[in-house]
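In: got a structure for you, letters missing:
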């Protein structure tokens, strides 16, 4: 307790207070990089393979993969967990564009792997649901887990001011996702999550793989009118599991609804490692 | 010669190779930060006030301004120029979101002021014009000079592959800007630049202030069809001045056209310091 965790940085483990990267890195200068985030539960990295596959896909798409080709990520993560002794925590892997000769082209990427305490929704939020504010926006390169969170960080003060917990993106009526979570709506026995222009979350993927008698779970386009007419709404992520939504803009929903609760229970029970 | 320049970093001047910021800074983790870029000509910062005003406006808009309130930017820039002895160069000011307790909220920003050699278009590009590829995109928070260059850095390889020099953004036919330059079209005696959803460039502002007999220079919406039917097209920035465009997608333009040349000459003659 009180001891600062170590961070993996470009081949070495360093105290978090001494983890620095070059000020002219393309992440700092051009917002260029990718990341992934996974949960550590009882000192084990949850769904490690899924997260590493996605991290590598993101790196490939952004032409940063060469930096990972010789790196044994599972070994580093195991080592990090052993050193930090934070059995319930989160691990964030970040791969940056690197220091660039011309300040624009991709350089030699930096790999940062940092472990930190979990930031979970509160018990009250799980019980009573959260409030979302819609915002007209579409993430650029939505299928890649880039570091671009300019918009939601910018919107934090607006959320606080208006009493909302998070943002929900829609563009021309087409609903996509929250900045750090996927969205699901329930209508009758159908559970629907937007199928395109989104980041494919690991929890979303796990829910789409569930087999619950009497419930159909599918990915397809969701219009804002369908969203507002839903019986239940919930959002999903590594830390949020299936988190009920009680309000979107001025519309109130039943939260947590019976199907949300059923799905929450189902993913709690599904295996932690795959 | 061969001596590395110094960089101003959070109150000190350090060798560029030793300029580091925290790996958990919000710029690295969330792509959150603002910047500005100005030209140094004969050891004098060109249009310093304009650039500093814009930098401070960007910082305010992104709630990073507190970090600048006690900082004497003109003095630091003068000091940097004196130390580095790079009479013809560029200076880039970057203000980051800072190391954040929760990895999402704004922290204590880092201020980086770095001087580097100018990257000018080639003499051939000024003479023969450049080739632009249109891309369907609208910058988020377009009026703020954020560090978000995810899209154009991502598109670099596509440009090279297809033989284009730069990208031109349009969305639903509405033309906005290039990633690092404003665009102007010439039709008859009218010179038009898009009026909204853009970053207001300093060179663009200077051109809009020109008074050239027989030419009307205005800012208003530009549709892609007007663009493609233009007599001349040029793009503007601190390093590009008024750079002729010879091709957009498959359409060829007269470059450099007579009015482009007139405007190029006019801004070359206008005072370097205001």
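Out: Noted; the coordinates are in hand. As the structure is a computational prediction, the values presented were derived from the model and not from experiment.
In: Please report the distance of residue A:179 from chain B.
Out: Per Cβ to the nearest Cβ, to the nearest Å, residue A:179 is found 9 Å from chain B. All C-beta atoms are positioned from the backbone trio N, CA, C, and that covers glycine.
In: Which residue is the nearest non-sequential neighbour of that residue?
Out: Spatial nearest neighbour of residue A:179, excluding adjacent residues (Cβ to Cβ, 6 or more residues apart in numbering or on different chains): residue A:152 at 3.6 Å.
In: my read is that neighbour is in a helix, agree?
Out: Yes: counting by DSSP: H, G, I helix; E, B strand; the rest coil, residue A:152 falls inside a helix.
In: got a list of what it touches?
Out: A:167, A:179, A:180, B:104 (Cβ atoms under 8 Å, 6 or more residues apart in numbering or on different chains).
In: hmm, which of the residues you listed are the buried ones?
Out: A:167, A:179, A:180, B:104 (16 or more other Cβ atoms under 10 Å in any protein chain shown).
In: The first one contacts residue A:135, correct?
Out: Right, the one you point to is residue A:167. Yes: if you go by Cβ atoms under 8 Å, residue A:167 and residue A:135 touch, sitting 5.0 Å apart.
In: Spatially central residue in chain A, please.
Out: residue A:180 (4.4 Å; Cα atoms, centre = their mean).
In: And that residue, how far from residue A:46?
Out: 17 Å (Cβ to Cβ, to the nearest Å).
In: Helices of chain A, start to end?
Out: A:26-30, A:48-61, A:73-84, A:123-128, A:150-162, A:202-208, A:224-228, A:258-269 (DSSP state H).
In: Tell me which of those sits most buried.
Out: Most buried of the helices of chain A by mean neighbour count (mean count of other Cβ atoms under 10 Å in any protein chain shown) is helix A:26-30; its value is a mean of 28.
In: how about that helix, does it reach chain B?
Out: Yes: counting by Cβ under 8 Å from any Cβ of the partner chain, chain B has neighbours in helix A:26-30: A:26, A:27, A:28, A:29, A:30.
In: Reformat the residues you listed into TSV and put pLDDT and distance to residue A:58 next to each item.
Out: Converted to TSV, those look like this (pLDDT from 0 to 100; distance: Cβ to Cβ, whole Å):
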residue	pLDDT	distance to residue A:58
A:26	98	15
A:27	98	13
A:28	98	19
A:29	97	20
A:30	98	16
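In: if we can go back for a sec, any residues in contact with both of residue A:167 and residue A:135?
Out: Common contact partners of residue A:167 and residue A:135 (Cβ under 8 Å, 6+ apart): A:151, A:155.
In: what stretches of the stretch 151-274 of chain A score poorly on pLDDT?
Out: A:269-274 (pLDDT under 70).
In: Quick one: name the residues of it near chain B.
Out: A:151, A:152, A:153, A:154, A:156, A:157.
In: For the residue of the stretch 151-274 of chain A found nearest chain B, which non-adjacent residue is closest in space?
Out: Closest to chain B within the stretch 151-274 of chain A is residue A:153: 4.9 Å, counting by Cβ to the nearest Cβ. Counting by Cβ to Cβ, 6+ apart, residue A:153 lies nearest to residue B:32, which is 4.9 Å off, once chain neighbours are set aside.
In: just the strands in the stretch 101-250 of chain A please.
Out: For the stretch 101-250 of chain A, applying DSSP state E, counting those that start in this stretch gives strands covering A:111-117, A:130-136, A:166-171, A:174-175, A:182-187, A:190-193, A:216-219, A:232-237, A:241-248.
In: Out of those strands, which one sits most buried?
Out: strand A:232-237 (a mean of 26).
In: contact partners of that one?
Out: Residues outside strand A:232-237 that contact it (Cβ under 8 Å, 6+ apart) are A:130, A:132, A:166, A:178, A:180-186, A:201, A:203-204, A:207, A:227, A:242-245, A:248, A:253-260, A:263-264.
In: how many degrees apart are that strand and strand A:166-171 in direction?
Out: On the basis of axes from the mean of the first three to the mean of the last three Cα atoms, to 10 degrees, strand A:232-237 is oriented at 100 degrees to strand A:166-171.
In: The closest residue to residue A:46 other than its chain neighbours bridge partners, please.
Out: Leaving out its chain neighbours, the residue that sits closest to residue A:46 by Cβ to Cβ, 6+ apart is residue A:39, at 4.6 Å. The partner list for residue A:39 in beta bridges (DSSP bridges) reads residue A:90.
In: and what of residue A:20?
Out: Under the criterion used here (DSSP bridges), residue A:20 is bridged to residue B:22.
In: now do residue A:133
Out: On the basis of DSSP bridges, residue A:133 is bridged to residue A:167.
In: for whatever residue of the stretch 51-200 of chain A ends up closest to chain B, what are its contacts?
Out: In the stretch 51-200 of chain A, the residue that lies nearest chain B is residue A:149 (4.0 Å; Cβ to the nearest Cβ). When contacts are counted by Cβ under 8 Å, 6+ apart, residue A:149 touches A:179, B:30, B:31, B:32, B:104.
In: hmm, try it at 6 Å
Out: residue B:30 (Cβ atoms under 6 Å, 6 or more residues apart in numbering or on different chains).
In: what about stretch A:205-225, start to end distance?
Out: With Cα to Cα, to the nearest Å as the measure, the first residue of stretch A:205-225 is 24 Å from its last.
In: Could you do stretch A:251-263 as well?
Out: End-to-end for stretch A:251-263, by Cα to Cα: 23 Å.
In: Equivalent analysis for stretch A:95-103, please.
Out: First-to-last distance for stretch A:95-103 - Cα to Cα - comes to 17 Å.
In: who's in contact with that stretch?
Out: A:22, A:24-27, A:29, A:32-34, A:59, A:64, A:106-111.
In: Kindly recompute the last result at 8 Å.
Out: So stretch A:95-103 is contacted by A:21-22, A:24-27, A:29-30, A:32-35, A:55, A:58-59, A:62, A:64, A:67-68, A:106-112, A:147, B:28, B:92, B:116, B:119, B:153 (Cβ under 8 Å, 6+ apart).
In: In that stretch, which residues are buried?
Out: A:95, A:96, A:97, A:98, A:99, A:100, A:103.
In: Over it, what's the mean pLDDT, rounded is fine.
Out: For stretch A:95-103, the mean pLDDT works out to 93.
In: Mind listing the residues bridging to residue A:244?
Out: Beta-bridge partners of residue A:244, as defined by DSSP bridges: residue A:234.
In: Hmm, residue A:117 is touching residue A:89, no?
Out: Yes: the pair residue A:117 / residue A:89 is scored as a contact, 5.9 Å apart, by Cβ under 8 Å.
In: could I get the strands of the stretch 101-250 of chain A as TSV with distance to residue A:15?
Out: TSV is the format used below for the strands of the stretch 101-250 of chain A (distance: least, Cβ to Cβ, whole Å):
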stretch	distance to residue A:15
strand A:111-117	11
strand A:130-136	35
strand A:166-171	32
strand A:174-175	43
strand A:182-187	35
strand A:190-193	40
strand A:216-219	43
strand A:232-237	29
strand A:241-248	32
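In: To residue B:197, which of those lies closest?
Out: Ranking these by distance to residue B:197, with Cβ to Cβ as the measure, places strand A:130-136 first at 13.2 Å.
In: that older thread, switch the helices of chain A over to CSV; also include distance to residue A:194.
Out: Listed next are the helices of chain A as CSV, based on distance: least, Cβ to Cβ, whole Å:
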stretch, distance to residue A:194
helix A:26-30, 28
helix A:48-61, 18
helix A:73-84, 29
helix A:123-128, 22
helix A:150-162, 17
helix A:202-208, 10
helix A:224-228, 9
helix A:258-269, 16
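In: So which of those is nearest residue B:76?
Out: Residue B:76 lies closest, by Cβ to Cβ, to one member of these: helix A:26-30, at 18.4 Å.
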